[in-house]
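Visitor: what shape does this take:
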Amino acid sequence: MSTVAEVTRWLDEFAPLSLAESWDNVGLLWGDPAAKVTRIMTCLTVTPRTAREAIDDGAELIVSHHPVLFRPVKRVRADDRETGMLWDLARAGVSIASPHTAFDNTQGGINDGLAGRLGLLDVQPLRPSPASPSFKIVLFAPRESCDVILAAAFAAGAGKIGAYDECSFTSAGLGTFFGTEESNPTVGRRGRRELVRERRVELVCPASQLTVVLGAIRSAHPYEEPATDVYPLHPGDSGQGAGRVGRLGTSTNLGAFAELIGQTLAAPGIQVVGPADRRVERVAIVCGAGDDFIGDAVRCRADVLLTGEARFHRTLEAESIGIGLVVAGHHATERPGVEDLATRISAAFPALTVWPSRQEADPLRLIG
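Guide: Residues are numbered from 1 along each chain as shown. From the prediction side, this is the model:
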């Protein structure tokens, strides 16, 4: 039987918490990691309605896109409107995990799902994240010692490039040294200059593992004073990031694009900034509240930004810049991802019963 910890570990592998925005609150936020799980409900937000559904339908874990306890609270009381549902969930033994912006940003996450529904091509992050800091380690060693040194360095975390492990480069050369009277050279003798056939070994190392890797190299190296150089590498782009940008297979106009969004997302209340006949081919996407990405959309030469909600002054900004803006609703842009996530969890844990909340609905309604 699966546990809360096992499911949340899978969530972190699919949507690493490192991808979440710095202001976010993600991960297992409520409950017991060791608790057994047979039933999971996904939802956009934990509300009294979705909490009651989870309890009544026997869920032991809620995976909610939006986090609970996003802001600090000083008390959790059953008679409090905001925390009463948490009291009920605790009494029923229901845990809550939230991937939130990690799920927005990950490959195969909500923004990628929207891009896929629209058939976008050449999809890339709208706001790329820099790769984690890393270094290149260069060391010099006798040929017969290189395999042992590399094995130690790889085991300590060096040599990873993308989807490849144990990456290195070795070249032959000549090294010199003069051992003083205090030295104890592994090869040659002290008191004279020695010329030694060596190998130059190069490998990359993440900053987080640098100290451990250098220690492993020193322990495996036969020399009393191994020569090791460490160079910082330019981080570049990680291939991850917030939002998405891509192009339609066939260009259209803003009015037709807005109609496509309404049909694709079943969103009846589409709002648009820009003339209906504006040409649209390159599309930027940010689910939820994404009006802060207007500048990023312009930088990526997008013709339009699709998002869930936008503040008034941001719409004026889009109008003055001359970029189209399509506002489809927070619920409409993120609810499909919640449904997709239920399918993903079910595929990863076939023995569990997983469903997207059946009671959740957009609180905003159109009248007239």
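Visitor: could you report the pLDDT at residue 237?
Guide: Residue 237 carries a pLDDT value of 67.
Visitor: got it, and residue 307?
Guide: Taking residue 307 on its own, its pLDDT is 98.
Visitor: residues near the closest residue to it other than its chain neighbours, how many?
Guide: In this structure, residue 307 finds its nearest non-sequential neighbour in residue 290, 3.5 Å apart by C-beta to C-beta, 6 or more residues apart in numbering. Every C-beta, even on glycine, is put in place using the N, C-alpha and C of the backbone. The number of residues packed near residue 290 is 27, by other C-beta atoms under 10 Å.
Visitor: roughly how far does residue 290 sit from residue 349?
Guide: 31 Å (C-beta to C-beta, to the nearest Å).
Visitor: go on, residue 138?
Guide: According to C-beta to C-beta, residue 138 stands 45 Å off from residue 349.
Visitor: pLDDT below threshold where in the stretch 51-200 of the chain?
Guide: Under the criterion pLDDT under 70, no range of the stretch 51-200 of the chain is flagged.
Visitor: helix or strand next in line after the lengthiest strand in the chain, which one?
Guide: Determined from DSSP state E, the single longest strand within the chain is strand 237-253. Going down the chain from strand 237-253, the next helix or strand is helix 254-265, by DSSP states H and E.
Visitor: now for that next one, which elements pack on it?
Guide: Here helix 254-265 touches strand 271-273, strand 279-289, strand 304-309, strand 324-327, helix 330-348, going by 3 or more C-beta pairs under 8 Å, 6 or more residues apart in numbering; DSSP states H and E.
Visitor: looking at these, which is closest to residue 99?
Guide: helix 330-348 (7.9 Å; C-beta to C-beta).
Visitor: contacting residues around the closest one?
Guide: By C-beta atoms under 8 Å, 6 or more residues apart in numbering, the residues outside helix 330-348 that reach it are 7, 10-11, 14, 40, 42-44, 63, 65, 99, 103-104, 108-110, 113-114, 117, 265-267, 287-289, 306-309, 352, 354-357, 360-364.
Visitor: stretch 137-150 too?
Guide: 153, 158-159, 166, 168, 170, 172-173, 175, 186-187, 196-205, 213-214, 217, 220-223, 226-231.
Visitor: burial measure for residue 296, as a count.
Guide: Residue 296 has 21 neighbours, counted by other C-beta under 10 Å.
Visitor: now the helices and strands packed on helix 254-265 in JSON lines, with mean neighbour count and distance to residue 318?
Guide: Below are the helices and strands packed on helix 254-265 laid out as JSON lines (neighbours: other C-beta atoms under 10 Å; distance: least, C-beta to C-beta, whole Å):
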{"stretch": "strand 271-273", "mean neighbour count": "19", "distance to residue 318": "5"}
{"stretch": "strand 279-289", "mean neighbour count": "23", "distance to residue 318": "11"}
{"stretch": "strand 304-309", "mean neighbour count": "25", "distance to residue 318": "7"}
{"stretch": "strand 324-327", "mean neighbour count": "26", "distance to residue 318": "4"}
{"stretch": "helix 330-348", "mean neighbour count": "20", "distance to residue 318": "17"}
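Visitor: looking at the ones you listed, which is closest to residue 2?
Guide: helix 330-348 (9.6 Å).
Visitor: need the helices for the stretch 1-150 of the chain, in chain order.
Guide: 4-14, 48-56, 84-91, 100-105, 110-117, 146-155 (DSSP state H, counting those that start in this stretch).
Visitor: can you point out the buried residues in the shortest one?
Guide: What that stands for is helix 100-105. 100-105 (16 or more other C-beta atoms under 10 Å).
Visitor: residue 32: which of those residues is nearest?
Guide: Nearest to residue 32 among the buried residues of helix 100-105, with distances taken as C-beta to C-beta, is residue 100, at 20.9 Å.
Visitor: and that closest one, what does it touch?
Guide: So, once contact is read as C-beta under 8 Å, 6+ apart, residue 100 ends up touching 20, 24-26, 65-67.
Visitor: before we move on, what about residue 183?
Guide: Contacts of residue 183 by C-beta under 8 Å, 6+ apart are 190, 224-225.
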